[in-house]
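*Asks:* predicted model and sequence below, questions to follow.
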Amino acid sequence: MSSLSHIDEHGQPSMVDVSGKSVTTRTAIAEGLVHFPEAVFHQLAEQNFLTKKGAVIQTAIIAGVMAAKKTSDLIPLCHPLALSTCKVDIEPADGFALRVTCLVRCEGKTGVEMEALTGVSAAALTVYDMCKALTHDLVISDIRLVKKTGGKSDIHASR
């Protein structure tokens with residue numbers, strides 16, 4: 001069994017030392033779902049996901065990008081990274097849901113999976129915030145890493 005990378009030899013939290021790692025192109029893709037009651041989903045779709053608060057999808061995309069850039073401010077042991085790109089996509093999914101996907105890339109010594117997961121999470125929370133006036137029966141689910149490349153090991157999750 002491998003050890004936890006963020007715990008030092010004394011059992012204390014510790015940022016991973018990446019000084020000995022090589023700079024490579026690091027990419028991560030994460031995704032998650034926001035589920036709606038059927039009637040609310042249809043209502044929003046008919047309105048192009050525009051509410052009194054504004055454009056739901058466009059606002060959530062901006063929130064996801066902003067959050068990905070601030071991941072190290074939110075997750076205590078994450079390294080601050082200069083992202084090369086961050087792309088958030090939101091599209092309808094099966095079952096009266098929106099699928100939120102976030103792709104993040106950088107040139108660095110550590111991966112960007114936390115940035116991709118944070119981007120998805122913030123975008124999904126923003127959808128919730130913008131739609132909660134219609135219903136609180138919204139469910140955010142299945143936030144997960146789909147793909148990670150460029151580090152010690154690549155990950156390609158199955159759907």
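*Replies:* That came through, no problem. Residues are numbered from 1 along each chain as shown.
*Asks:* residue boundaries of the strands in this structure?
*Replies:* Along the chain, counting by DSSP state E, strands occupy 24-35, 50-51, 54-55, 83-93, 97-108, 139-149, 155-156.
*Asks:* and the last one, what does it pack against?
*Replies:* Read that as strand 155-156. strand 139-149 (3 or more CB pairs under 8 Å, 6 or more residues apart in numbering; DSSP states H and E). All C-beta atoms are positioned from the backbone trio N, CA, C, and that covers glycine.
*Asks:* other SSEs contacting the strand it packs on?
*Replies:* Short answer (3+ CB pairs under 8 Å, 6+ apart): strand 139-149 packs on strand 24-35, helix 113-131, strand 155-156.
*Asks:* can I get the CA coordinates of that strand in CSV?
*Replies:* The C-alpha coordinates for strand 139-149 follow below in CSV (Å, rounded to 0.1, in the frame of the first residue of the first chain):
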residue,chain,number,x,y,z
VAL,A,139,-28.6,17.5,-7.0
ILE,A,140,-24.9,17.9,-7.8
SER,A,141,-23.3,14.4,-8.3
ASP,A,142,-20.6,12.3,-9.8
ILE,A,143,-17.8,14.8,-9.7
ARG,A,144,-14.7,12.9,-10.8
LEU,A,145,-11.4,12.9,-12.6
VAL,A,146,-11.9,11.6,-16.1
LYS,A,147,-8.3,12.0,-17.5
LYS,A,148,-4.9,13.0,-16.2
THR,A,149,-1.7,13.1,-18.4
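*Asks:* in its sheet, what does that strand sit against?
*Replies:* strand 24-35 (antiparallel), strand 155-156 (antiparallel) (DSSP bridges).
*Asks:* pick the most deeply packed of those strands.
*Replies:* strand 24-35 (a mean of 22; mean count of other CB atoms under 10 Å).
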